[in-house]
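Asker: Okay, here's the prediction I keep looking at, along with the sequence it came from:
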Amino acid sequence: MTINGTSKVCGVIGCPVEHSVSPMMHNFFSEELGLDLVYAPFLVQPGKVGEAVKGAFALNIHGLNVTVPHKQAVMEHLCGIDEGALAIGAVNTLVRQADGYKGYNTDAEGILRAMLEAGMDIAGRTCILLGAGGAAKAAAYVLVREKAAKVYLLNRSLEKAQGLAAEMDRLFGTSVCQAMALDDWREIQEEHCLAVQTTSVGMSPHAGQAVIEDEAFYRKLDMAFDAIYNPMETKFLAMARAAGAKTENGLGMLLYQGVAAYELWNPEVRIPAELAARARERLIAHLEGRRLEGRR
Ligand code: NAP
C-alpha cells in the first residue's frame with residue numbers, strides 16, 4: 001500500500017495497544033478493496049483520552065477505534081453518541097463529523113453477527129451471561145434485544161450484575177434479566193442454555209482457568225460463546241465442548257466489530273463475506289504465529 005497526501009488515516013486508541021490486531025485487519029481491508037485508507041495504533045495513556053480525541057480531530061483523522069481503558073471515558077469528548085452505544089454505555093468506534101466525532105458501539109453488532117454465523121439462535125432461549133464488564137454490556141444488550149426468553153447475569157461483583165440486569169430490563173421494557181453471584185449457577189433450573197462468557201478469566205497469558213470449573217454447569221449448555229479469542233479454545237470452551245455443546249470463540253466478534261467500523265467510516269463500502277472470511281484466516285494465522293513465538 002502506498003501512503004500519499006490524500007490517504008485517509010484511521011487508527012485505534014488504547015493502553016496497551018501494542019498487541020492490537022486491528023491494524024492488520026483494517027489495512028488488509030484497504031489493500032484488498034483498493035481504498036486509500038491507512039490504520040495505525042495510537043498509545044493513549046489513561047486520563048489523556050480527551051486530548052487524544054481533540055488532537056485527532058485537529059489532525060484530520062478520519063475515524064478511530066477505542067479500546068481498553070477508554071471506551072467509557074471517551075464518551076464525554078464526542079459531538080454525538082449513537083443510540084445503541086448510549087444504551088450499552090460504551091463507545092468503540094468514532095466517526096468524524098463536521099464538529100467532532102460521533103461515537104458508536106460495534107461490539108454489539110460483532111457479537112450478534114458472530115453468534116448468528118455460528119448458528120447460535122437467541123430468540124426464546126435461556127441465556128447465561130458470565131461477566132458484567134464492557135463486553136458483557138454489549139452481549140446483554142444483544143441478548144435482550146434479540147428476545148432471549150431469560151438472561152441470567154452472573155458476575156463476581158454481584159452489584160455490577162444487578163445494575164446491568166436492571167438497566168437492560170428498563171431499556172427494553174422487559175423482565176427477563178436476573179442477576180446472580182457466580183456461585184449461584186446451581187439455582188438455574190433450565191437445561192439447553194446458551195452461555196456467553198465475557199469475563200477475562202482464561203485469557204492468555206492466564207489460560208488454563210475457567211470462571212466456572214464444575215462440569216455439571218456445562219451439562220446445562222447446548223451452546224457456548226466465549227468473547228476471548230486468545231487462546232482460540234479457552235478452558236470454558238473446552239469444557240463446554242466436552243459436555244457436548246456447540247462452541248464459538250471471540251474471533252468472529254473481533255472480525256465483525258471491525259467490519260462494522262470499517263463500513264461506518266466508508267459508507268459506500270460493504271465488505272463482502274469472502275473478504276471477511278479471508279481476514280479471519282489472516283487473524284488466525286497471525287494469532288497462531290504469535291502463540292508459537294511466545295513458546296520460543
Ligand atoms: P472488563 O470491562 O474489565 O470486565 C472484566 C470482567 O471479567 C468483569 O465482569 C470482571 O468481574 C470479570 N473478572 C475479571 N477477573 C475475574 C476473576 N478472577 N474471576 C471472576 N471474574 C473476573 O473487560 P471487558 O472489556 O469486558 O473484556 C472482557 C473479555 O472480553 C476480555 O477477555 C476481552 O479480551 C474480551 N473481549 C473480546 C472482544 C472481541 O472482539 N472478541 C471485545 C471486547 C472484549 P468484576 O466485575 O467482578 O470485576
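Answerer: That came through, no problem.
Asker: Give me the distance between the closest residue to the ligand within the stretch 51-200 of the chain and residue 244.
Answerer: Per Cβ to the nearest ligand atom, residue 133 is where the stretch 51-200 of the chain lies closest to the ligand, at 2.0 Å. To be clear about C-beta, it is placed using only N, CA and C from the backbone, and glycine gets the same treatment. Between residue 133 and residue 244 the computed distance is 28 Å (Cβ to Cβ, to the nearest Å).
Asker: Likewise for residue 218?
Answerer: Between residue 218 and residue 244 the distance is 9 Å, computed by Cβ to Cβ.
Asker: Settle it for me: which of these two has more neighbours?
Answerer: Between residue 218 and residue 244, counted using other Cβ atoms under 10 Å, the more crowded position is residue 218 (22 against 10).
Asker: Check whether that one really touches residue 243, as I assumed.
Answerer: Yes. Using Cβ atoms under 8 Å, residue 218 is in contact with residue 243, at 3.7 Å.
Asker: which residues are in contact with both of those two?
Answerer: Common neighbours of residue 218 and residue 243, using Cβ atoms under 8 Å, 6 or more residues apart in numbering, do not exist here.
Asker: what's near enough to touch the residue nearest to the residue of the stretch 51-200 of the chain closest to the ligand when sequence neighbours are not counted?
Answerer: Distances taken as Cβ to Cβ, 6 or more residues apart in numbering put residue 198 closest to residue 133, at 6.6 Å, once the chain neighbours are dropped. Taking Cβ under 8 Å, 6+ apart, we find residue 198 in contact with 129-131, 133, 135-136, 139, 227.
Asker: Test my guess that residue 209 contacts residue 202.
Answerer: Yes. Applying Cβ under 8 Å as the test, residue 209 and residue 202 come out as touching, 5.5 Å apart.
Asker: When the two are compared, which one has more neighbours?
Answerer: The residue with more neighbours, out of residue 209 and residue 202, is residue 202; 22 against 13, by other Cβ under 10 Å.
Asker: Residue 234 is in contact with the more buried one, correct?
Answerer: Yes. Applying Cβ under 8 Å, one finds residue 202 in contact with residue 234, separated by 3.9 Å.
Asker: Ramachandran angles for residue 284?
Answerer: Backbone torsions for residue 284, taken as degrees, to the nearest 10, come to phi -60, psi -50.
Asker: State whether it and residue 251 are indeed in contact, as I suppose.
Answerer: Yes. The pair formed by residue 284 and residue 251 meets the contact definition of Cβ under 8 Å, at 6.9 Å.
Asker: where along the stretch 51-200 of the chain do the strands fall?
Answerer: Ranges of strands in the stretch 51-200 of the chain, per DSSP state E, counting those that start in this stretch, are 63-66, 80-81, 93-97, 100-104, 126-130, 150-155, 177-181, 193-197.
Asker: ok and the fifth one relative to strand 177-181, angle-wise?
Answerer: In other words, strand 126-130. 40 degrees (axes from the mean of the first three to the mean of the last three Cα atoms, to 10 degrees).
Asker: just checking, what packs against strand 126-130?
Answerer: helix 134-145, strand 150-155, strand 193-197 (3 or more Cβ pairs under 8 Å, 6 or more residues apart in numbering; DSSP states H and E).
Asker: Just list the residues touching residue 255, thanks.
Answerer: Neighbours of residue 255 in contact, by Cβ under 8 Å, 6+ apart: 25, 110, 114, 276, 279-280, 283.
Asker: what does the stretch 101-250 of the chain put close to the ligand?
Answerer: Within reach of the ligand by Cβ under 6 Å from any ligand atom, the stretch 101-250 of the chain has these residues: 107, 110, 131-136, 155-157, 160, 198-201, 203, 211, 227-229, 250.
Asker: and the residues you listed, which are buried?
Answerer: 107, 110, 131-136, 155-156, 160, 198-199, 201, 203, 211, 227-229, 250 (16 or more other Cβ atoms under 10 Å).
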